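J.: build the 3D model from these lines:
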Amino acid sequence: MSHSALETGNRQKLQKNDQIRIRKDIRSLTQDELDHLINAWIFVQNNEPDPDTLPDNPNTVSFFNIAGFHGEPFRGAGYSSSQWWGGYCNHGNVLFPTWHRAYLLCLENALQQYDKTVSIALPYWNEIDTDGNNPIPKIFLQKTYVFKNGKEVPNPLYSYKLASAIRDRLLPIPDADYSKYKGYNTVRYPFSGLVGTPDVATTDAHNSLMQELNTLKDGTTDSLLQSNVYNWLRATVINDQGVTVGGSTADNYIRSLFAPNYTVFSNTTSAEKWNDDRFDDSSAGGLGTADDAVMPLERPHNAVHLAVGGFEVPGIPSRSYIPDANGDMGENDTASFDPIFFFHHCFIDLVFWAWQTKHNQDTQLDLMEFYPGTNSVDSQGPTPGITGNTWLNLETPLNPFPRNSNASSALLVFLLPEVYVDANQCHRM
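T.: Predicted coordinates for the structure are as follows:
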């Protein structure tokens, strides 16, 4: 591995333990490891929502229910009011890294139920070390998967077929309806997943055009996806208007490791306040340069979501080279239904751990109290079960995951190589 910045920190040698889960770069998995991973994913995707079980049960083994913890199907006040967020995920506040860490462990626990005798962990999509101009590992682009014994099955990491319909009663953004019908298959750039009533005609025409490109040359849309993600990760981003709108996301991951404290590292809201107080763009006599600005982990995280999904909404500048590309990863409502979401977030969690070890905060996290990004109304708005104007801290519940759950007692090992993480110490749940 070449990115030494991710290899810094206080490496802990863990004792042999039945609960150790080894998270590896997905490109490094053996055939047997991939076979087991695919079988476990098929298991959770085939477990349809149980109508007799609470949909927000954190011990569920239904992928539909687990994916639904993040955003849609919305619940509580956020079901029909844009002032509240109807999903449990946290964005734009200090709980962004910790909530998603608990979320990953929830899915890992479900995957473990496929075969309790074999330890399983989510591999990470290494977004810094790429395969030339093809940053997305091939496993995510293959429609079928062939096991070691020659058996071929639909690839559960390529797409997910919704086990139930999702109705969007919120519509906070004009002309964007994120309703999905039962049997809908998640899509990525350059396709569109806007299949609500106002958008379905445009989406059908757009997706038909994309399929025609594949007819002319097989794999064209995969190449477009790889190119788009590469441009976000490694090169300057130019949108369909020829306007430069961003730089290297891979570099931003590394820059985030130098954020001076957890609060500004963790989210965009806090980082923006930090930078606003220290840099004056209105004059040459500002307090620093752009290179000195804090880079929050959430920013490159957001960039990869947009790169994989694409996103276009009237009135919002496009960051996509292909108009009308609106894949699921590009919007928060249904991003978690795309299986690649969890491998992306596994890498985010790895960078989070690298920051912790670099700054000697592997056993605790220090917050700047009452700072922007520490209130439930910041950014997305309050999540279900959290009242408005609630100050957030490390004791704030990471709903729907219970405190001291099995998820918090599991040991994780990241192989980067030999970057170790003890989830029991890293989680305040």
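
J.: so what's the residue count around N134?
T.: 16 (other CB atoms under 10 Å). To be clear about C-beta, it is placed using only N, CA and C from the backbone, and glycine gets the same treatment.

J.: which one is it nearest to, not counting chain neighbours?
T.: With CB to CB, 6 or more residues apart in numbering as the criterion, N134 has its nearest non-adjacent residue at 4.8 Å, and that residue is Q226.

J.: what average pLDDT does the strand or helix carrying that neighbour get?
T.: For Q226, the host element (DSSP states H and E) is helix 220-234. When pLDDT is averaged over helix 220-234, the result is 92.

J.: and if you look at stretch 277-286?
T.: 64.

J.: use 24 as the first number for this chain going forward.
T.: With 24 as the first residue, the last one maps to stretch 300-309.

J.: follow-up on the earlier one: what is the helix holding Q249 packed up against?
T.: Using 3 or more CB pairs under 8 Å, 6 or more residues apart in numbering; DSSP states H and E, the elements in contact with helix 243-257 are helix 223-239, helix 272-279, helix 321-332.

J.: most packed of those?
T.: Among the helices and strands packed on helix 243-257, helix 321-332 has the highest mean neighbour count (mean count of other CB atoms under 10 Å), at a mean of 24.

J.: quick one: distance of it to the chain centre.
T.: Remark: helix 321-332 is offset 8 Å from the chain centroid, using CA atoms, centre = their mean, to the nearest Å.

J.: kindly report the same for stretch 110-126.
T.: Offset of stretch 110-126 from its chain centre (CA atoms, centre = their mean): 10 Å.

J.: and it, end to end?
T.: 12 Å (CA to CA, to the nearest Å).

J.: same check on stretch 147-165?
T.: With CA to CA as the measure, stretch 147-165 spans 17 Å from end to end.

J.: give the buried residues for that stretch.
T.: 147-151, 153, 157-160, 162-164 (16 or more other CB atoms under 10 Å).

J.: between those, which is closest to D138?
T.: Taking CB to CB as the measure, D138 lies nearest I162 of the buried residues of stretch 147-165, at 19.8 Å.

J.: wait, that closest one sits on N178?
T.: Yes - the pair I162 / N178 is scored as a contact, 7.5 Å apart, by CB atoms under 8 Å.

J.: how close does Y168 get to F119?
T.: Counting by CB to CB, to the nearest Å, the gap from Y168 to F119 is 32 Å.

J.: my error: substitute F214 in the last question.
T.: 28 Å.

J.: what of I65?
T.: I65 sits at a distance of 30 Å from F119 (criterion: CB to CB).

J.: more crowded one of those two?
T.: Higher neighbour count among I65 and F119: F119, with 27 against 17, using other CB under 10 Å.

J.: surely the more buried one meets N113?
T.: Yes - at 5.3 Å, F119 counts as touching N113 under the criterion of CB under 8 Å.

J.: and the strands in the stretch 124-273 of the chain?
T.: For the stretch 124-273 of the chain, the strands identified by DSSP state E, counting those that start in this stretch occupy 167-169, 175-177, 260-261, 267-269, in order along the chain.

J.: tell me where the model's unsure across this protein.
T.: Residue ranges of the chain with pLDDT under 70: 24-42, 74-78, 99-105, 107, 192-199, 259-270, 303-314, 335-343, 427-452.

J.: grab the longest helix from it for me.
T.: Across the chain, the helix with the greatest residue count (assigned by DSSP state H) is helix 363-381.

J.: in it, which residues are buried?
T.: So for helix 363-381, counting by 16+ other CB under 10 Å, buried means 363-381.

J.: with stretch 383-399 instead?
T.: Residues of stretch 383-399 classed as buried by neighbour count (16+ other CB under 10 Å): 385, 388, 390-391, 394-399.

J.: which one among those gets closest to E95?
T.: Taking CB to CB as the measure, E95 lies nearest S399 of those, at 19.8 Å.

J.: does that closest one touch T410 like I think?
T.: Yes - if you go by CB under 8 Å, S399 and T410 touch, sitting 7.0 Å apart.

J.: on that earlier part again, so what's in contact with I162 and N178 at the same time?
T.: Jointly contacting I162 and N178 under the rule CB atoms under 8 Å, 6 or more residues apart in numbering are Y168.

J.: which non-adjacent residue is nearest Q379?
T.: D385 (4.7 Å).

J.: that should have said Q403, apologies.
T.: W108 (4.5 Å).

J.: can you check H93 too?
T.: The nearest residue in space to H93 (CB to CB, 6+ apart) is S359, at 3.7 Å.

J.: go on, N208?
T.: S182 (4.7 Å).

J.: run a quick neighbour tally on that neighbour.
T.: S182 - counted by other CB under 10 Å - has 19 other residues nearby.

J.: now do the same contact list for it.
T.: So S182 contacts 208-210, 361-362 (CB under 8 Å, 6+ apart).

J.: for it, grab phi and psi.
T.: Backbone torsions for S182, taken as degrees, to the nearest 10, come to phi -160, psi 160.

J.: among the contacts of S182, who's most crowded?
T.: Neighbour counts for the contacts of S182 peak at D361, which has 27 neighbours (criterion: other CB under 10 Å).

J.: residue contacts, that residue?
T.: By CB under 8 Å, 6+ apart, the residues touching D361 are 182-183, 209, 211, 331-332, 350-352.

J.: how far away is the residue lying closest to P146 once chain neighbours are set aside from L248?
T.: Distances taken as CB to CB, 6+ apart put I49 closest to P146, at 3.7 Å, once the chain neighbours are dropped. Using CB to CB, one obtains 17 Å as the distance from I49 to L248.

J.: comparing the two, which residue is more hemmed in?
T.: Comparing I49 with L248 by other CB under 10 Å, the one with more neighbours is L248, at 25 against 22.

J.: quick one: neighbours of the residue nearest to that one when sequence neighbours are not counted, just the number.
T.: Excluding the flanking residues, the one nearest L248 by CB to CB, 6+ apart is Y212, at 5.1 Å. As a burial measure, Y212 scores 27 neighbours (other CB under 10 Å).
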